[in-house]
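# Turn this into a structure:
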Amino acid sequence: MLVLRRKIGQVICINDDIRIIIQDVQNEHIVRIGIEAPPEIPVHRLEIYNLIQQENKSAGGAEALKWLKGATNDSSTGDSEDHE
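Numbers count the residues shown, from 1 in each chain. Coordinates of the predicted model:
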């Protein structure tokens, strides 16, 4: 882990396309930052990221697999009927 001290207005660069800008510091414990990143790079707070991961795992669960298997079987049956 890299630990840095920055002042308001100073910037941290990650690669060529991500910039973290220190916006404000309040009471020495609350830091407002701005993050500039390309649209294809998702940027989330950790708690939101964790919720997204949980939702993704739930969507990939047994029920989703049952639905997918059923959809695959139905579409293959439908395709053979269309070709007759």
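
# could you show me where the helices are in this protein, in order?
46-59, 62-83 (DSSP state H).

# Flag the shaky bits of the chain, pLDDT-wise.
Per-residue confidence of the chain (counting by pLDDT under 70) places the weak regions at 60-68, 71-84.

# Which residue ranges make up the domains of it?
When the chain is parsed into structural domains using automatic domain parsing, the resulting residue ranges are 1-41, 44-79.

# In CSV, list the C-alpha atoms belonging to the strand ranked longest in the chain.
In the chain, taking DSSP state E as the definition, the longest strand is strand 18-26. In CSV, the C-alpha atoms belonging to strand 18-26 read as follows (Å, rounded to 0.1, in the frame of the first residue of the first chain):
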residue,chain,number,x,y,z
ILE,A,18,-6.8,8.1,-13.8
ARG,A,19,-6.4,11.2,-11.6
ILE,A,20,-7.3,11.6,-8.0
ILE,A,21,-7.7,15.3,-6.9
ILE,A,22,-7.8,16.4,-3.3
GLN,A,23,-10.8,18.7,-3.1
ASP,A,24,-11.2,19.5,0.6
VAL,A,25,-10.0,18.4,4.1
GLN,A,26,-12.3,19.0,7.1
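
# Tell me the buried residues in that strand?
Of the residues in strand 18-26, those scored as buried under the neighbour-count criterion (16 or more other Cβ atoms under 10 Å) are 20, 22. Glycine gets a C-beta too; all of them are placed from N, C-alpha and C.

# Provide the contact partners of that strand at residue level.
With contacts defined as Cβ atoms under 8 Å, 6 or more residues apart in numbering, strand 18-26 is touched by 6-14, 31-38, 41.

# Try it again at 7 Å.
Taking contacts as Cβ atoms under 7 Å, 6 or more residues apart in numbering, the residues outside strand 18-26 that touch it are 6-13, 31-37, 41.

# No more questions from me, cheers.
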